[in-house]
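Student: Got a predicted structure plus its sequence, pasted below:
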Amino acid sequence: MTVPHTNTWERYGVVKRFGGLVSADEMAASVEEIACHPNFRNIRFIIDDMLEVQDLQLDEACVERIAISQLGSRYTNPNIRIAIVTASDAIARMKQMLDVPRFAGAYETQVFATVAQARQWLQSQPILREAPKRFSLR
């Protein structure tokens, strides 16, 4: 499956740029792709630049898949904030769908109209320094 986005890795994060028609599976796969990247342990932010998206086919199952991925990823790196950049109310609703009690503990996420606004917010936030959670298979 081809994901309609590009990733630009930076020193402390990654910018994902989406365009065209984005399916629910493609959106969820992009989240999982970042979590599996070797640099994931060291990043502090993810910017989802969705300004060029024409349509995002988002459903409850996709949002649940994204939230579960984020909740699991916090065991590896709890120090990430996410900025969604969009002019679309439909895409901005993705954040509202994640802001429910059963997904409490997912990464802090905010929505912005421009990448510059997203970066300004990220730079104004204190650096998170939580230790990764440890777990045992025993």
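Tutor: Received, thanks.

Student: What helix or strand is the residue nearest the centre of the chain located in?
Tutor: Nearest to the geometric centre of the chain sits residue 82, at 5.1 Å (C-alpha atoms, centre = their mean). Here residue 82 sits within strand 81-85, counting by DSSP states H and E.

Student: hang on, the earlier thing: return the set of residues that bridge with the residue nearest to the centre of the chain.
Tutor: In this entry, residue 82 is beta-bridged to residue 46, residue 109, by DSSP bridges.

Student: And the contacts of the lowest-mean-pLDDT helix or strand in the chain?
Tutor: Ranked by mean pLDDT, DSSP states H and E, the weakest helix or strand in the chain is helix 89-98, scoring a mean of 77. Here helix 89-98 makes contact (C-beta atoms under 8 Å, 6 or more residues apart in numbering) with 50, 53, 56, 58, 60, 63, 66-67, 70, 84, 86, 106, 109-111. Where you see a C-beta, it was placed from the backbone N, CA and C, and this is true even at glycine.

Student: And the residues you listed, which is the shakiest by pLDDT?
Tutor: Lowest pLDDT of the contacts of helix 89-98: residue 106, 80.

Student: and it, which of the three is it?
Tutor: coil (DSSP: H, G, I helix; E, B strand; the rest coil).

Student: Contacts only, for it.
Tutor: For residue 106, the contacting residues are 67, 70-71, 74, 98, by C-beta under 8 Å, 6+ apart.

Student: Same question for residue 115.
Tutor: Contact analysis of residue 115 by C-beta under 8 Å, 6+ apart lists 15, 47, 49, 51, 85.

Student: which of those residues are buried?
Tutor: Listed as buried from the contacts of residue 115 are 15, 47, 49, 85; burial here means 16 or more other C-beta atoms under 10 Å.

Student: distance of the closest residue in space to residue 4 that isn't next to it in sequence from residue 113?
Tutor: Nearest residue to residue 4, sequence neighbours excluded (C-beta to C-beta, 6 or more residues apart in numbering): residue 20, at 5.1 Å. From residue 20 across to residue 113, the span is 20 Å (C-beta to C-beta, to the nearest Å).

Student: go on, residue 15?
Tutor: 16 Å.

Student: now swap in residue 46 and tell me
Tutor: Residue 46 is 18 Å from residue 113, by C-beta to C-beta.
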